[in-house]
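Undergrad: Structure for the following, please:
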Amino acid sequence: MIYITGDTHRDFSRLYDLETNENDMLIILGDVGINYFLDENDIKYKEYLKRFKLKIFCVRGNHEERPENIKSYKEKKMFGGKVFIEENYPNLIFAKDGEVYNIDDKSVLVIGGAYSVDKEYRLLYGSKWFENEQLSEDEKEKILKKVKGKHFDIVLTHTCPFKYEPKEVFLQGLDQSKVDKSMEKFLNEIEETISYDKWYCGHYHTEKKIDKLEFMFGRIKVFNKDEFIPKYDRNGYEIIRDYCKQEDVYKNDYVCCPKCNGKNIIMQKGDGEKIYGLDEIAIICNDCKKTFGFSDVRYKSNCPKEL
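TA: Next up is the predicted model:
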């Protein structure tokens, strides 16, 4: 089985929802976080991930060093294209920008990188910032020439084409005129010059679909399928995600299941430290054995969305 998820930033708790073996693989759409510190802290996370029984296929984000700039990574042939792997961590695979892979019998184009909108903050306070986080003009030209006019089953990128930017999640108070949009505009060119069936991206810490493009963050899906993992909660109840709105529960004073009208229900609580406002995140119905998630829970930007 192949799975896909958004940015992890060294928080790999979502992996515990997976029952995997060595033949399974999880695709992470950038900002994995394991090439960030460039010291023993990275090794600690890599040793941790090494214990999981699955391959982890990583798109390069902006908050991590390029694997080709780290001496321990070697270029190898895999999935019909070139990847970067460290000898001590063979299950951790980094895609090469602009490569085309055969994954699950699908042609998959991968393009990493983005601009860090918090660049000035990072430089001011001594946090990591990577100078070549974006593609160079030469790299863009070569990739555009390579893919022009071709069809791909799947496109995997860290950021998104400019026309699909989710403006509703932009940081408040940030002057967008000072944000470098060159990667997004380049991906616009890519999007306009190729044909494709599905496009996945991360970067924006949101989850939404626009046309054939899907933003991913904290939840896991089966690759190329509209199927979330896990399917069932800890009680064995089927999870129906984004079924109803939190605001409607309180406006209508619900005392029954929104699906079967049964009254044997309880409210599922979230983590109040990570969710704005009211922390109910779902209705659990003991009659129809389902958990109905709210679509309008206001999660903080660094909190994976469970339902």
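Undergrad: List the beta-bridge partners for the closest residue to residue 307 other than its chain neighbours.
TA: The shortest distance from residue 307 to any non-neighbouring residue, by C-beta to C-beta, 6 or more residues apart in numbering, is to residue 293 (2.9 Å). Just so you know, the C-beta spots here come from the backbone N, C-alpha and C atoms, and that holds for glycine as well. Per DSSP bridges, the residues bridged to residue 293 are residue 282.
Undergrad: Helices of this protein, residue ranges please.
TA: 40-50, 119-125, 137-147, 182-193, 246-251 (DSSP state H).
Undergrad: Can you give me the separation between the residue sitting furthest away from the middle of the chain and residue 109?
TA: Distance from the C-alpha centroid of the chain, by C-alpha atoms, centre = their mean, peaks at residue 263 (36.7 Å). Separation of residue 263 from residue 109 (C-beta to C-beta, to the nearest Å) stands at 51 Å.
Undergrad: Okay, now the unreliable bits of the stretch 201-307 of the chain?
TA: 250-254 (pLDDT under 70).
Undergrad: residue boundaries of the strands in it?
TA: 208-210, 213-215, 220-222, 228-229, 238-244, 265-269, 280-285, 290-294 (DSSP state E, counting those that start in this stretch).
Undergrad: Looking at the ones you listed, spot the one closest to residue 30.
TA: Among those, the nearest to residue 30 by C-beta to C-beta is strand 213-215 (11.8 Å).
Undergrad: ok, and what's touching the closest one?
TA: 6, 160-161, 164, 166, 198-202, 204, 206-209 (C-beta atoms under 8 Å, 6 or more residues apart in numbering).
Undergrad: Tell me the bridge partners for the closest residue to residue 75 other than its chain neighbours.
TA: Nearest residue to residue 75 in three dimensions, chain neighbours excluded: residue 82, at 5.4 Å (C-beta to C-beta, 6+ apart). On the basis of DSSP bridges, residue 82 is bridged to residue 77.
Undergrad: ok, now which ones touch residue 82?
TA: Per C-beta under 8 Å, 6+ apart, neighbours of residue 82: 75-76, 96, 99.
Undergrad: circling back to that earlier point, is it correct that the residue farthest from the centre of the chain is in contact with residue 286?
TA: No. With contact defined as C-beta atoms under 8 Å, residue 263 does not count as touching residue 286 (9.6 Å).
Undergrad: what's the neighbour count on residue 2?
TA: 19 (other C-beta atoms under 10 Å).
Undergrad: for the closest residue to it other than its chain neighbours, what are its contacts?
TA: Leaving aside its chain neighbours, residue 2 sits nearest to residue 223 (3.9 Å; criterion: C-beta to C-beta, 6+ apart). Applying C-beta under 8 Å, 6+ apart, one finds that residue 223 lies in contact with 2-4, 27, 103-104.
Undergrad: Drop anything exposed from these.
TA: 2-4, 27, 103 (16 or more other C-beta atoms under 10 Å).
Undergrad: Now residue 283: closest residue in space that isn't a chain neighbour?
TA: residue 292 (4.7 Å).
Undergrad: Could you list the domains of this structure?
TA: As recorded under automatic domain parsing, the domains making up the chain are 2-229, 238-294.
Undergrad: between those, which gets nearest to residue 304?
TA: Using C-beta to C-beta, the domains of the chain put domain 2-229 closest to residue 304, at 2.4 Å.
Undergrad: Now do the closest one: distance from first to last residue.
TA: In domain 2-229, first residue to last residue: 11 Å (C-alpha to C-alpha, to the nearest Å).
Undergrad: All further residue positions should be reported with the first residue as 36.
TA: Okay, using 36 as the starting number, the last item reads as domain 37-264.
Undergrad: what separates it from the chain centre, distance-wise?
TA: Centroid displacement of domain 37-264 relative to its chain, using C-alpha atoms, centre = their mean, to the nearest Å, is 8 Å.
Undergrad: picking up where we left off before, wait, isn't the residue nearest to residue 342 in contact with residue 316?
TA: Yes. Contact criterion C-beta under 8 Å: residue 328 and residue 316 qualify, at 6.5 Å.
Undergrad: any shared contact partners between those two?
TA: 341-342.
Undergrad: Backbone torsions only: list them for the nearest residue in space to residue 271 that is not next to it in sequence.
TA: Excluding the flanking residues, the one nearest residue 271 by C-beta to C-beta, 6+ apart is residue 324, at 7.4 Å. Reported as degrees, to the nearest 10, the phi and psi values for residue 324 are phi 60, psi 50.
Undergrad: Quick check: the gap between the closest residue in space to residue 39 that isn't next to it in sequence and residue 37.
TA: The spatial neighbour of residue 39 that comes closest, neighbours along the chain excluded (C-beta to C-beta, 6+ apart), is residue 62 at 4.3 Å. Distance of residue 62 to residue 37, given as C-beta to C-beta: 7 Å.
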